[in-house]
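# sequence-free structure coming up:
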């Protein structure tokens, strides 16, 4: 809590571009109420990992977005 996606990515040795891609997707879900699906390639010392992720809005009874739910898995 209280850190940007870029800060978390940097702490874990991930490229800044990965944080930017995920930040854009999460903002789209929050602002437009659209689900997002991403497949991201992550370079590692052991080769490239491929992460598949989906994020969807959670809505209140009036249809307003109040949160998000998501899952990310390694599909390498």
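Now that the structure is in, tell me what you want to look at. Predicted model only: the values in this text are computed from it and were never measured.
# and for residue 23, the neighbour number?
For residue 23, the count of nearby residues is 14 (other CB atoms under 10 Å). In short, each C-beta sits where N, CA and C put it, glycine included.
# ignore what I typed, I meant residue 71.
9.
# please name the nearest non-neighbouring residue to it.
residue 54 (5.9 Å; CB to CB, 6 or more residues apart in numbering).
# do I have it right that the one you found meets residue 36?
Yes. Judged on CB atoms under 8 Å, residue 54 makes contact with residue 36 at a distance of 7.0 Å.
# so who does the nearest residue to residue 59 once chain neighbours are set aside touch?
With CB to CB, 6+ apart as the criterion, residue 59 has its nearest non-adjacent residue at 5.9 Å, and that residue is residue 65. Residue 65 makes contact with 29-30, 33, 57-59, according to CB atoms under 8 Å, 6 or more residues apart in numbering.
# tell me the confidence at residue 65?
If you check residue 65, the pLDDT there is 94.
# quick one, longest helix in the protein?
helix 16-32 (DSSP state H).
# so for that helix, what's the average pLDDT?
In the prediction, helix 16-32 has an average pLDDT of 90.
# next secondary structure after it?
strand 36-44 (DSSP states H and E).
# for that next one, which positions count as buried?
In terms of neighbour count (16 or more other CB atoms under 10 Å), strand 36-44 has its buried residues at 36, 38, 40, 42.
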